[in-house]
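In: Provided below are the primary sequence and the corresponding predicted coordinates.
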Amino acid sequence: MNEPKVDPIQAVTQLLSRLPGIGERTAQRLTFHLLRQDPAYCVALADALKRLSQDVHLCSVCHNFTAQETCSICRDHKRDNGLLCVVATPQDVQAVEASGEFSGRYHVLGALLSPLEGIGPDSLRIPELLRRLAASPAKEIILALRPSVEGESTSFYLQKLLKPHGIPVTVIASGIPMGGELEYADRMTLARAITGRRPA
């Protein structure tokens with residue numbers, strides 16, 4: 001007995017509706033928009049998504065997204081090795097880069113401490129951070145974490161952990177609203193937050 005075929009319009013709509021910020025109605029509009037495009041566009045989009053899932057992985061050094069062994073920032077010899085900016089996600093790397101005010105290196109933790117979600121210190125890439133510092137000491141560590149309860153608790157935890165290393169630790173200045181995401185901050189606000197960073 002043949003199984004009933006899945007309606008492709010419904011299947012694509014359901015998949016799109018799982019994206020953040022995309023409701024069912026918006027997903028449906030996007031699906032019909034795709035149907036109006038040249039078929040070659042849908043094929044190219046499908047191929048790009050396939051390569052995204054197959055080729056993109058975490059940088060072996062900073063844990064940013066990359067399609068190579070190390071990301072373009074880690075491969076850039078012009079970056080300042082003495083400045084290390086610690087962020088929660090790869091999206092935060094992009095946000096800080098867009099500000100144009102930082103020329104050092106990054107370390108992506110992967111998340112923020114959140115006991116309610118079961119995210120403790122063991123869930124973050126803190127051992128990798130400590131290994132990096134042991135191999136290549138920094139002259140300053142900038143904590144560019146979301147101004148939220150989770151961001152503040154992660155920042156406080158890292159400050160205590162890094163204090164024995166004798167490396168100056170700074171945090172980005174105010175300007176990002178409490179609970180705000182770095183990736184949604186405008187470039188000017190984020191640039192001022194980085195240039196106005198203060199000792200932790």
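Out: Perfect, thanks for sending it. Since the model is a prediction, treat every value here as computed from it, not as a measurement. Numbers count the residues shown, from 1 in each chain.
In: quick check, Leu83 in a strand?
Out: Yes: assigned with DSSP: H, G, I helix; E, B strand; the rest coil, Leu83 falls within a strand.
In: ok, the closest residue to it other than its chain neighbours - how many residues close by?
Out: Closest residue in space to Leu83, ignoring its immediate chain neighbours: Gly104 at 2.7 Å, by Cβ to Cβ, 6 or more residues apart in numbering. C-beta coordinates here come from the backbone N, C-alpha and C atoms, glycine included. By the measure other Cβ atoms under 10 Å, the count of residues near Gly104 is 18.
In: Can you give me every residue that contacts Gly104?
Out: Taking Cβ atoms under 8 Å, 6 or more residues apart in numbering, we find Gly104 in contact with 79-85, 142.
In: cool, Pro168 as well?
Out: 139-141, 199.
In: Closest one of the contacts of Gly104 to Ile73?
Out: Ranked by distance to Ile73 (Cβ to Cβ), the contacts of Gly104 are led by Arg79 at 6.4 Å.
In: neighbours of the closest one, just the number please.
Out: Using other Cβ under 10 Å, Arg79 is surrounded by 15 other residues.
In: And Gln54, its phi and psi?
Out: According to degrees, to the nearest 10, the main-chain angles of Gln54 amount to phi -90, psi -40.
In: so how far is Thr170 from Gln94?
Out: To Thr170, Gln94 is 21 Å away according to Cβ to Cβ, to the nearest Å.
In: For these two, indicate the residue with more neighbours.
Out: Thr170 (18 against 14).
In: The more buried one belongs to a strand?
Out: Yes: applying three-state DSSP, one finds Thr170 inside a strand.
In: pLDDT at it, what is it?
Out: Note on Thr170: pLDDT of 92.
In: That one and Arg75: what is the separation?
Out: According to Cβ to Cβ, Thr170 stands 26 Å off from Arg75.
In: what does Leu158 give?
Out: Distance, Leu158 to Arg75, using Cβ to Cβ: 26 Å.
In: lowest confidence element among the helices and strands of this protein?
Out: Lowest on mean pLDDT, DSSP states H and E among the helices and strands of the chain sits helix 187-195, with a mean of 64.
In: counting contacts, what elements does the helix or strand containing Gln94 pack onto?
Out: In the assignment (DSSP states H and E), Gln94 maps to helix 90-99. Contacts defined by 3 or more Cβ pairs under 8 Å, 6 or more residues apart in numbering; DSSP states H and E place helix 90-99 against strand 80-87, strand 104-108, helix 187-195.
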